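Colleague: Quick one, fold the following:
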Amino acid sequence: MKIKVEAHRKEPEPVPISTEYIKLDSFLKFANAAESGGMAKALIENGEVTVNGEVCAQRGKKLRPGDRVRLHGDAYVVTEA
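Modeller: Okay, the predicted model is just below:
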């Protein structure tokens, strides 16, 4: 018996910003992906966050509309407000 398994692709959650950019650690808090700045810092330092498909270890990485962030299977996309 063959069972077909399909991966469920979740669309990235849009997170609108009203500024030119937002720093990665602030973005994680703003998107409710991290409960605090300390938690955001730890997630980034542990290599658990990707930006545009690459692991990012820079807390101050500037995210602009169109950038995509992934954390523990959850996906976010920065959009203009």
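
Colleague: Enumerate every residue touching the closest residue to residue 50 other than its chain neighbours.
Modeller: Counting by Cβ to Cβ, 6 or more residues apart in numbering, the nearest residue to residue 50 once its immediate chain neighbours are dropped is residue 70, at 4.5 Å. To be clear about C-beta, it is placed using only N, CA and C from the backbone, and glycine gets the same treatment. By Cβ atoms under 8 Å, 6 or more residues apart in numbering, the contact set of residue 70 is 49, 50, 53, 76.

Colleague: which one is the third one nearest to, not counting chain neighbours?
Modeller: When the adjacent residues along the chain are set aside, residue 53 lies closest to residue 68, with 7.4 Å between them (Cβ to Cβ, 6+ apart).

Colleague: Could you report the neighbour count for residue 68?
Modeller: Other residues within reach of residue 68 by the criterion other Cβ atoms under 10 Å amount to 14.

Colleague: Hmm, residue 14 and it touching each other?
Modeller: No: taking contact to mean Cβ atoms under 8 Å, the distance of 10.6 Å between residue 68 and residue 14 leaves them out of contact.

Colleague: wouldn't residue 79 be in contact with residue 63 here?
Modeller: No: under the criterion of Cβ under 8 Å, residue 79 is not in contact with residue 63, lying 10.8 Å apart.

Colleague: out of these two, which sits in the busier spot?
Modeller: Set residue 79 next to residue 63 and count neighbours by other Cβ under 10 Å: residue 63 wins out with 22 against 14.

Colleague: Who does that one form a beta bridge with?
Modeller: When assigned by DSSP bridges, residue 63 has beta-bridge partners residue 22.

Colleague: ditto for residue 49
Modeller: Note on residue 49: beta-bridge partners residue 71, judged by DSSP bridges.
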